[in-house]
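> here is a sequence together with a model predicted from it:
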Amino acid sequence: MGFGCLGNLTRRVGHIIGCGSVVVVLLLTPTMSVAIDASDFSQLEGWTVAAVTQVRDEFNGCDFDRRIRFANGWVLTCSTYSYSYSYMPNAAIFVKSFNYQNRAYWMIKVLIDDEFYEMRPIPAK
C-alpha cells in the first residue's frame, strides 16, 4: 500500500481512515505512531478483548511456563517461546471460549508491542 492515501499522519492519529479497500487504524503511543491495516487483525477473528493493561516491570518475551505479571493484577503463563525485550510495555489480552470434557475454558492471546504470545488456557468461571 502506498502512503499517498494516508495524508498527513499527525492530523489523523486516533482516527479510522478508509483508503480504497483498506481500512487503516492509526494508534498513538508516547514514542511513536503506528499504521495498521485490516489484515493485521486476521489472527483475532472470533476473539474478544478482555483487558488492555501493561506488563509489570521488564518483559523478556515468552518462554514455556514463564509467568507474566500485568499491572491489572492478572498473571498469565506462556505456552510458546519468543524473545523480545521492553520495559513495561502495553498489552492487549484477548480471550476465546471453548469446551473440553464438559468444562468451559478460555484460550488466551496477548498482544505485546507488535507480537502475539499464546498463553495457557484457564478455566472459565
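Great, that's in hand.
> which one is the residue positioned nearest the centre of the chain nearest to, not counting chain neighbours?
Closest to where the C-alpha atoms of the chain average out (Cα atoms, centre = their mean) is residue 111, at 2.2 Å. The shortest distance from residue 111 to any non-neighbouring residue, by Cβ to Cβ, 6 or more residues apart in numbering, is to residue 92 (4.4 Å). Heads up, the C-betas are built off the backbone N, CA and C, glycines and all.
> I figured the residue nearest to the centre of the chain hits residue 119, correct?
No: applying Cβ atoms under 8 Å, one finds residue 111 not in contact with residue 119, separated by 11.4 Å.
> quick check: the residue nearest to residue 111 vs residue 118, distance?
14 Å (Cβ to Cβ, to the nearest Å).
> just residue 39 next, same as before
Where residue 118 is concerned, residue 39 sits at a distance of 20 Å (Cβ to Cβ).
> looking at those two, which is more packed in?
The residue with more neighbours, out of residue 39 and residue 118, is residue 118; 15 against 10, by other Cβ atoms under 10 Å.
> who touches that one in this structure?
For residue 118, the contacting residues are 62, 78-80, 108-109, by Cβ atoms under 8 Å, 6 or more residues apart in numbering.
> and the strands in the chain?
Along the chain, counting by DSSP state E, strands occupy 16-19, 22-28, 33-37, 48-54, 58-59, 67-69, 75-77, 86-87, 90-100, 103-112, 115-123.
> can you redo those as CSV with mean pLDDT?
Formatted as CSV, those follow (pLDDT from 0 to 100):
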stretch, mean pLDDT
strand 16-19, 43
strand 22-28, 44
strand 33-37, 62
strand 48-54, 95
strand 58-59, 96
strand 67-69, 96
strand 75-77, 97
strand 86-87, 96
strand 90-100, 94
strand 103-112, 94
strand 115-123, 93
